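[1] here is a sequence with its predicted model. Questions after.
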Amino acid sequence: MSTYLKPWLLIPATAAALAGGLIWLSHLRYELSLETQRVTTEKKSIEQESNQLRLEIASLTRPERLRQYARDSLNMAPPSPMQVIHQ
Amino acid sequence: MISKEHTFIRRRIEAVAGILALGILMLGVRAVDLQWLQADHLTNLAEKQRYRQFTTVAPRGPILDQKGRILAKSIETPSIAAIAGEVPSDRINELAKVLGVSHKKLQHKLNKRKGFVWLARQVPPAVARKVMALNVPGVRQEAEWQRYHPLGPETGHLLGFVGIDGRGLEGIERTWNKQLSGESGLRQVRRDARGHSLPDGHWVREPAAGQAITLTLDASIQSIAYAALAEGVRNQNAKGGSVVVMRPQDGAILAMTSWPGYNPNSFRHYRPSDWRNRAITDVFEPGSTLKPFTVAAALESGRWQPDTQVYCEKGAMRIADYTIHDDHAEEWLDVTGVLVRSSNIGSAKMALDIGARPLHNMMEKAGFGRRSGTGLSGESSGIVLPPERWGPVETANIAFGQGIAVTPLQLATAFSVLANDGVHVTPSLFADQLGQHAPTRVISSTIAHQVTQMLEYATSEDGTGSQAVPAGYHVAGKTGTAQKPNPRGGYSKGKYNAVFAGFAPVNDPQLVIIVLVDEPQKSIYGGQVAAPIFRQIAESALPYLGIPARFDRHGDEQDLSNQTWRTMPIVAKESILDSESLFGMSMREVRHFSAQRGLRLHVHGSGWVIRQKPTATSGLKHGETLEVWLNE
């Protein structure tokens, strides 16, 4: 058995292992690239949604709307300056 | 025999060798052809197949108010495009139905050319999804950026709007288009056989997002000013108006608004004349609001003191062939009285006494006759004649605000001088530009203080501006009423501008407010038309800024917080901020609104209300029709 194990065999064995590793790494890189693309697209879509939600907040909390809501739904009236107390 | 056979074999070997040599030669020639002669072209072709370039559109920068609230922002919106030659004619009908356009119109668009055409730009995402679900060959979805101004008409004139190509066309959007615009990026990636991008992509050109701009504006004060102006203009059936609110210490513009308003989110529905920012583009004769500066120039000359007496000629005075009139005939008034009673004759006499040049210098140093320095496009510099052209009549007229034209912003800047202990500060709209210009002294602190005191008397019970004072505050201000010039060079009969310019609180001015109402119908006087608008803005904005109201007791001012608690009845008066706009309501809210009032509702689109017909809902009776347009 030991007659088949020659030191020079280490060279092709190492080369084969390295080649295999390289292929595995390349595959891993490719898979990661696909994952990155997917995550980037998701990130972009979340950013877009967040942008829209921010705008929606700005639109829903605009002073004119709050004023109308306070007056019509909560029956509030603007305070006169004397009714505003500061700490 | 053998030699014959040898010769044959040799020939065969030679022939084969020749063919092989020829083959090798041809391979060599081909190799040279491919690797050398056609190298550039083929490399190009290979790279085109392997590489792909993506354009990344950079969004336009947002515009924020001083507290970081969004005033303008871009959102990605789908648009529908097509390669016209690839769209089958039998599917145009269903495409037109989903897009909500007529078959004929869509056909016309597709017939214009064979290549790329826009079918519908910036459509709601729901429509885009429906179109893409049809799967019509040649039709595709593109991403575009749509600008949205959440405050709508309240900031319309100041911010302007953006065209469909993303370029600012009016207002701040136009003036600062370069900073706001982003620069699109170009990214190159390698693709595999299945079209997936490989990880070693690189930027050919990095995208640069548009810069955010933070304004000195306060959305709440802007909204307060807009609502008060709208109410005031409607009450008077006036043609229009504008308001500028400024912080005198650093020149920060807190609000700038005009009426009639327009909604920048649907600017095409309005006339271009409605788009202009009246607070900086329109000039008007300031009338009596200029008198404080005549008085300041007179005091500065040293020839006049606050208690110097002037004879007011019982209401009429002749200069050359021109007669000056006072609304209230007076005899002897001191300088304070001239301001409080708003005497034209008293002001004219002061101006004629000190001469044209000192008065002109005062106007110039206070900021009249030149652009204010905000950099806004379309700003007028106003009209101030050179002093060489100031004869006695002109000098007398200018002393009480005729023959000179100013913008509301210039008047705000000038009143800031009085509020700011005599120091002129350049007004600014941008938070990062505050304090960039060195302040300049226009009048001494003592004179500024004296004029302020006189202006406080002018808003007392005896003065013309008493309606400008909110309960619990002291206001220094001046009313003005000026006849409007007509195009023929004279004055229009019956067309007036009513103005109120002032600041509050007097002991530590925090707000300078200018109110201009154009052609009021019920009253022409600044004290009755513009002063109440000033009061409404001041009484809402001052508590909002944390400036407490004070009240006088036995002549002393005491802080309210030092008092024992008093219960205040809530006065159920009709709100000054009443509004009839459905703008921004959701479909559900509109349905609720119309159901409550028994109105017949017609709805177009989905999302939020962007337009309504009629614009005033209060006059609608049970069973009448309300039509609203919504947009996502």
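    Looks like it came in fine.
[2] count of residues packed around residue 11?
    Reading this off chain A. Residue A:11: 9 surrounding residues under other C-beta atoms under 10 Å in any protein chain shown. Backbone N, C-alpha and C define where each C-beta goes, glycine included.
[3] that's the other chain; I wanted chain B
    10.
[4] now residue B:50
    13.
[5] what distance do you get for it to residue A:35?
    As judged by C-beta to C-beta, to the nearest Å, residue B:50 and residue A:35 stand 21 Å apart.
[6] residue B:427 now?
    In terms of C-beta to C-beta, residue B:427 sits 53 Å off from residue A:35.
[7] who's more crowded, these two?
    Set residue B:427 next to residue A:35 and count neighbours by other C-beta under 10 Å: residue B:427 wins out with 28 against 10.
[8] excluding chain neighbours, what is closest to the more buried one?
    Leaving aside its chain neighbours, residue B:427 sits nearest to residue B:251 (4.4 Å; criterion: C-beta to C-beta, 6 or more residues apart in numbering or on different chains).
[9] near chain B, which residues of chain A?
    Along chain A, the residues adjacent to chain B under the rule C-beta under 8 Å from any C-beta of the partner chain are A:29-30, A:32-34, A:36-37, A:48, A:51-52, A:54-55, A:58-60, A:62-65, A:67-68, A:71, A:77-87.
[10] if we go to 6 Å?
    A:29, A:33-34, A:37, A:48, A:51-52, A:55, A:58-59, A:62-65, A:67-68, A:71, A:80-84, A:86 (C-beta under 6 Å from any C-beta of the partner chain).
[11] can you pull out the helices in chain A?
    A:10-60, A:63-72 (DSSP state H).
[12] looking at the ones you listed, which is buried most?
    Ranked by mean neighbour count, the helices of chain A are led by helix A:63-72 with a mean of 18 (mean count of other C-beta atoms under 10 Å in any protein chain shown).
[13] by contact count, what packs against it?
    Judged by 3 or more C-beta pairs under 6 Å, 6 or more residues apart in numbering or on different chains; DSSP states H and E, helix A:63-72 is in contact with helix B:219-235.
[14] let's see that with 10 Å instead.
    In terms of contacts (3 or more C-beta pairs under 10 Å, 6 or more residues apart in numbering or on different chains; DSSP states H and E), helix A:63-72 is packed against helix A:10-60, helix B:153-159, helix B:219-235, helix B:587-597.
[15] need those helices in TSV with distance to residue B:270, can you?
    TSV is the format used below for those (distance: least, C-beta to C-beta, whole Å):
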stretch	distance to residue B:270
helix A:10-60	20
helix B:153-159	9
helix B:219-235	16
helix B:587-597	22
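[16] about what we covered before: could you dump the helices of chain A to TSV with distance to residue B:351 and mean pLDDT?
    As requested, the helices of chain A are exported to TSV (distance: least, C-beta to C-beta, whole Å; pLDDT from 0 to 100):
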stretch	distance to residue B:351	mean pLDDT
helix A:10-60	50	90
helix A:63-72	43	89
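[17] which of these sits closest to residue B:210?
    Closest to residue B:210 of those, according to C-beta to C-beta: helix A:10-60, at 13.3 Å.
[18] worst-scoring helix or strand of chain B, pLDDT-wise?
    Within chain B, no helix or strand scores below strand B:556-559, which has a mean of 43 by mean pLDDT, DSSP states H and E.
[19] low-confidence stretches in the stretch 51-200 of chain B?
    For the stretch 51-200 of chain B, the stretches with pLDDT under 70 are B:195-196, B:199.
[20] tell me, what's the model's pLDDT at residue B:275?
    pLDDT for residue B:275: 84.
[21] I'd assumed residue B:173 was in contact with it.
    No - if you go by C-beta atoms under 10 Å, residue B:275 and residue B:173 don't touch, sitting 11.3 Å apart.
[22] higher neighbour count, those two?
    Using other C-beta under 10 Å, the more surrounded residue of residue B:275 and residue B:173 is residue B:173, with 25 against 20.
[23] now the strands for the stretch 451-600 of chain B?
    With DSSP state E, counting those that start in this stretch, the ranges of strands along the stretch 451-600 of chain B come out as B:476-485, B:491-504, B:511-518, B:550-553, B:556-559, B:600-604.
[24] excluding chain neighbours, what is closest to the residue minimising distance to the centre of chain B?
    By C-alpha atoms, centre = their mean, chain B has its centre lying nearest to residue B:158, at 1.1 Å. Closest residue to residue B:158 apart from its sequence neighbours, by C-beta to C-beta, 6+ apart: residue B:256 at 5.2 Å.
[25] pLDDT on the helix or strand the one you found falls within, on average?
    Taking DSSP states H and E as the criterion, residue B:256 maps to strand B:252-259. For strand B:252-259, the mean pLDDT works out to 93.
[26] export that strand as CSV, just CAs?
    Provided in CSV are the C-alpha atoms of strand B:252-259 (Å, rounded to 0.1, in the frame of the first residue of the first chain):
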residue,chain,number,x,y,z
ALA,B,252,-34.9,84.5,9.6
ILE,B,253,-38.1,84.4,7.5
LEU,B,254,-40.6,82.3,9.5
ALA,B,255,-43.5,82.6,7.1
MET,B,256,-44.1,84.1,3.6
THR,B,257,-47.4,83.5,2.1
SER,B,258,-49.7,85.0,-0.5
TRP,B,259,-53.4,84.8,-1.5
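[27] quick one, that strand and strand B:511-518 angle?
    Strand B:252-259 runs at 20 degrees relative to strand B:511-518, counting by axes from the mean of the first three to the mean of the last three C-alpha atoms, to 10 degrees.
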